[in-house]
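**Q** Make a model of this:
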Amino acid sequence: MAPTAKSLILDLLSAAGGGVSITVKKLAVACSLFDISENSVRVTLVRLSSAGLIEAAGRGEYRLGEVAAELATEVAGWRTAEMRVRNWGGDYVAVHGSAPVGSDRSVRKRRARALQMLGFRELERGLSVRPNNLDGGIDSVRSRLHTLGLELEASVFCASGFDPELDARARHLWDGKALEASYRRLRSRMDAWLERAPELDLDVQAREVFLLGASAIRQVVYDPLLPAPLVDAEARRAFVQDVQAFDRAGRAIWRRFLGLRLGSAALSTVQPSDDNPPPDGWIQ
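**A** Next up is the predicted model:
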């Protein structure tokens, strides 16, 4: 599905990092790849600014607003996702409670997104769980949930001692085989794309690598980071490593693309390497 001006601008600013600004000119060039006009970009920037999702950072530059920046920080953690995983002792992190009575749609949406991003699934009505295998344990998970939008009144605690029937039900809340299949499918798509990329025009490269990279990164961001034996953890680690390599390739392509479009010799000639790493975002 083609990105909208809103989704693309937010994705680009998120990729840049919460405190990093991007010029309107660069955003317009990036959006032009997807047939989004400069006028649409400028109108969307005004609307996003009015909604508090972005903020001006000087003349003709924008960065994420405070609310969106918190989510961007969580999303940016995908690169170190595997470092957040620890051995599992068979216990769970549990969240008990429902969205506050009378809460509006945006509150319910943020709550659901917080639980989904941290891999929770509903075991019983009002009780969601995930394996307690994330670094930092209960305190860290609780803090991240609240940052992402879970109401402070919800109880977050460690759950263990399930009887065999309940434990079996909990273990089947996630489809490990489907996750492993998605790892294989996306790795295959990224490998195939990198193989044929040299045959493509630079504009096509920039557009396709962005779309495929966004899809792969979203898979990592929303991955529940399950422990073995609920999923093949080695397959996930290999997948994340491939996404990291694809991300590096994508950023190099975008630097060349923007260098040519914006007339910057430096951007068009400097190639990322171990000694000359690219900036964190794709279009600084």
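
**Q** Tell me the buried residues in the biggest helix by length in the chain?
**A** For the chain, the longest helix by residue count, based on DSSP state H, is helix 233-262. If you call a residue buried by 16 or more other C-beta atoms under 10 Å, then helix 233-262 has these buried ones: 233, 235-236, 239-240, 242-244, 246-247, 249-261. In this view, the C-beta of every residue, glycine as well, is placed from N, C-alpha and C.

**Q** can you check stretch 115-130 too?
**A** 115, 117-120, 123, 128-130.

**Q** ditto for stretch 164-181
**A** Buried residues in stretch 164-181 (16+ other C-beta under 10 Å): 170-171, 173-174, 176, 179.

**Q** show me where this protein has strands.
**A** Taking DSSP state E as the criterion, the chain contains strands spanning 22-23, 54-56, 61-64, 92-96, 121-124, 127-131, 155-159.

**Q** Make TSV from these and add mean pLDDT to it.
**A** Listed next are the strands of the chain as TSV, based on pLDDT from 0 to 100:
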stretch	mean pLDDT
strand 22-23	92
strand 54-56	91
strand 61-64	91
strand 92-96	97
strand 121-124	96
strand 127-131	97
strand 155-159	96
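
**Q** Let me have those in JSON lines, extended by distance to residue 2.
**A** Shown next, in JSON lines, are the strands of the chain (distance: least, C-beta to C-beta, whole Å):
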{"stretch": "strand 22-23", "distance to residue 2": "20"}
{"stretch": "strand 54-56", "distance to residue 2": "21"}
{"stretch": "strand 61-64", "distance to residue 2": "22"}
{"stretch": "strand 92-96", "distance to residue 2": "35"}
{"stretch": "strand 121-124", "distance to residue 2": "31"}
{"stretch": "strand 127-131", "distance to residue 2": "33"}
{"stretch": "strand 155-159", "distance to residue 2": "38"}
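
**Q** which one of those lies closest to residue 147?
**A** Across the strands of the chain, residue 147 has its closest neighbour in strand 155-159 (12.5 Å, C-beta to C-beta).

**Q** strands paired with that closest one, and their directions?
**A** Strand 155-159 pairs in its sheet with strand 92-96 (antiparallel), by DSSP bridges.

**Q** The longest helix of the chain - contacts with which helices or strands?
**A** If you count contacts as 3 or more C-beta pairs under 8 Å, 6 or more residues apart in numbering; DSSP states H and E, helix 233-262 packs onto helix 24-32, helix 176-196, helix 202-221, helix 265-269.

**Q** export these to a markdown table and tack on mean pLDDT?
**A** Below are the helices and strands packed on helix 233-262 laid out as a markdown table (pLDDT from 0 to 100):
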| stretch | mean pLDDT |
| --- | --- |
| helix 24-32 | 93 |
| helix 176-196 | 97 |
| helix 202-221 | 94 |
| helix 265-269 | 39 |
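
**Q** remind me which residues of the stretch 1-150 of the chain are low pLDDT?
**A** 1, 17-18, 101 (pLDDT under 70).

**Q** all helices in it, in order from the N-terminus.
**A** Residue ranges of the helices in the stretch 1-150 of the chain, as given by DSSP state H, counting those that start in this stretch, are 5-16, 24-32, 38-50, 66-76, 105-117, 137-148.

**Q** Of all these, which one is nearest residue 190?
**A** helix 5-16 (17.2 Å).

**Q** angle of the closest one against helix 66-76?
**A** Orientation check (axes from the mean of the first three to the mean of the last three C-alpha atoms, to 10 degrees): helix 5-16 against helix 66-76 gives 60 degrees.

**Q** So what touches helix 5-16?
**A** Here helix 5-16 makes contact (C-beta atoms under 8 Å, 6 or more residues apart in numbering) with 3, 20, 22, 27, 30-31, 34, 36, 40-41, 43-45, 47-48, 53-54, 62-64, 68, 71-72, 75-76, 214, 280-284.
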